[in-house]
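Student: Below: sequence and its predicted model.
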Amino acid sequence: MVKTTSRRSVAEVWKALRDVKDPEIPVLSLVELNVIRDVQVDNGSVTVKLVPTFAGCPAMDLMRREVREKLQDLGFDEITVDTVASGSWSTDELSDETKQKLRDFGIAPPPLKTEDFRATLALPVPCPFCRSNQTHLESAFGATLCKQIFYCDSCRQSFERFKPL
């Protein structure tokens, strides 16, 4: 078997990783979610560091596997995908563009956290469909642990909100 070694740049790796979608929110990439924290390329090997959105995230194995597959597609043979335990992830890191993608997909983006987390959770949650603030919490947990289910009294649509973490 002939071993191939990729001579890709860090920028090329970051660009390719923009195609790796979050398995629970497929409208966003792992890069857009800021789950990928670091990329290092050295003599044809690549190391990627991921941070989970929360402890025990059930999608981490799938994320690591999909990152590995993308890097294999780029020609890397020596691939390390590490999970970073320090430097917790926060929804406050999401860009305005990323939050708009969530809205367009029908998920209310998380608000910026305030010092009082209860006050953050009490903020109105605008409906991603009609933008009304006439909404209420239906369930503290959505299809995944990182989302909640809300109902809009104006357009009568149920929707999920990405929890502020």
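Tutor: Thanks, I have the structure now. Numbers count the residues shown, from 1 in each chain.
Student: In CSV, list the C-alpha atoms belonging to the longest helix along the chain.
Tutor: As assigned by DSSP state H, the longest helix anywhere in the chain is helix 60-73. Extracted C-alpha coordinates of helix 60-73, given in CSV (Å, rounded to 0.1, in the frame of the first residue of the first chain):
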residue,chain,number,x,y,z
MET,A,60,-19.4,14.1,19.7
ASP,A,61,-18.5,10.7,18.4
LEU,A,62,-20.3,11.4,15.1
MET,A,63,-18.6,14.9,14.9
ARG,A,64,-15.2,13.4,15.4
ARG,A,65,-15.9,10.7,12.7
GLU,A,66,-17.1,13.3,10.2
VAL,A,67,-14.1,15.6,10.8
ARG,A,68,-11.8,12.6,10.3
GLU,A,69,-13.6,11.6,7.1
LYS,A,70,-13.3,15.2,5.7
LEU,A,71,-9.6,15.2,6.5
GLN,A,72,-9.1,11.8,4.8
ASP,A,73,-10.8,13.3,1.7
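Student: which of the residues in the helix or strand following it are buried?
Tutor: Later in the chain than helix 60-73, the nearest helix or strand by DSSP states H and E is strand 78-83. Going by neighbour count (16 or more other Cβ atoms under 10 Å), the buried part of strand 78-83 is 79, 81. Every residue, glycine included, has its C-beta placed from N, CA and C.
Student: now strand 78-83 and helix 60-73, what's the angle there?
Tutor: With axes from the mean of the first three to the mean of the last three Cα atoms, to 10 degrees applied, the angle from strand 78-83 to helix 60-73 works out at 160 degrees.
Student: who does the longest helix of the chain touch, helix- and strand-wise?
Tutor: helix 10-17, strand 45-50, strand 78-83 (3 or more Cβ pairs under 8 Å, 6 or more residues apart in numbering; DSSP states H and E).
Student: outside of the very next helix or strand once past the first one, which residues touch it?
Tutor: For helix 10-17, the following helix or strand on the C-terminal side (DSSP H and E) is strand 36-42. When contacts are defined by Cβ atoms under 8 Å, 6 or more residues apart in numbering, strand 36-42 is touched by residues 8-10, 13-14, 17, 30, 46-51, 67, 84, 87.
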